[in-house]
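**Student:** Mind looking at a prediction? Sequence and model below.
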Amino acid sequence: MHALDALWNTIVARRDADPNESWTAKLLDRGPAKCAEKFGEEAIEAIIEAARGDREALTREGADVLYHFCVMLAAGGVDLADVLAELGRRQGQSGLEERSARATAQPTDPAG
């Protein structure tokens, strides 16, 4: 089993745990908005370490980002497998092509 799969399985298993005994359960108990806020905080910390060029700190913050991203997905009712399937769908397509396809698929705002 891949480490990301193991992480996901742990998060899912802790959905119903006592928030006083599990950090994951505590985060999930606070709801999707709080989980998203915490993910954002961790992402900013990773950005800071990337800008500083501190590889070890970026590695630690990167792990925090992945953890909080998965918690945010779980709080939002999105399965990690769906995100990975979307990545698989995009494989072999250039990022520029993918961005262009998303832009043309979005409805235009008549207000402007």
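**Tutor:** Looks like it arrived, so ask away.
**Student:** measure Arg89 to Leu80 for me?
**Tutor:** Separation of Arg89 from Leu80 (Cβ to Cβ, to the nearest Å) stands at 15 Å. Backbone N, C-alpha and C define where each C-beta goes, glycine included.
**Student:** same check, this time on Asp64
**Tutor:** 17 Å.
**Student:** ok so, going back, quick one: which of Arg89 and Leu80 has more around it?
**Tutor:** Neighbour tally, Arg89 and Leu80, criterion other Cβ atoms under 10 Å: the higher count belongs to Leu80, 18 against 10.
**Student:** Isn't that one up against Leu4?
**Tutor:** Yes: counting by Cβ atoms under 8 Å, a contact exists between Leu80 and Leu4, whose distance comes to 7.2 Å.
**Student:** Common neighbours of the two, please.
**Tutor:** Common neighbours of Leu80 and Leu4 (criterion: Cβ atoms under 8 Å, 6 or more residues apart in numbering): Cys70.
**Student:** Can you show me the CA trace of the helix or strand hosting Thr104 as PDB?
**Tutor:** Per DSSP states H and E: Thr104 is located in helix 95-105. Output in PDB follows, covering the C-alpha atoms of helix 95-105 (Å, rounded to 0.1, in the frame of the first residue of the first chain):
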ATOM      1  CA  GLY A  95      -0.900  21.500 -18.700                       C
ATOM      2  CA  LEU A  96      -1.500  24.200 -21.300                       C
ATOM      3  CA  GLU A  97      -4.000  22.000 -23.200                       C
ATOM      4  CA  GLU A  98      -5.800  21.000 -19.900                       C
ATOM      5  CA  ARG A  99      -6.100  24.700 -18.800                       C
ATOM      6  CA  SER A 100      -7.400  25.700 -22.200                       C
ATOM      7  CA  ALA A 101     -10.000  22.900 -22.200                       C
ATOM      8  CA  ARG A 102     -11.200  24.000 -18.700                       C
ATOM      9  CA  ALA A 103     -11.400  27.600 -19.800                       C
ATOM     10  CA  THR A 104     -13.600  26.800 -22.900                       C
ATOM     11  CA  ALA A 105     -15.800  24.500 -20.900                       C
END
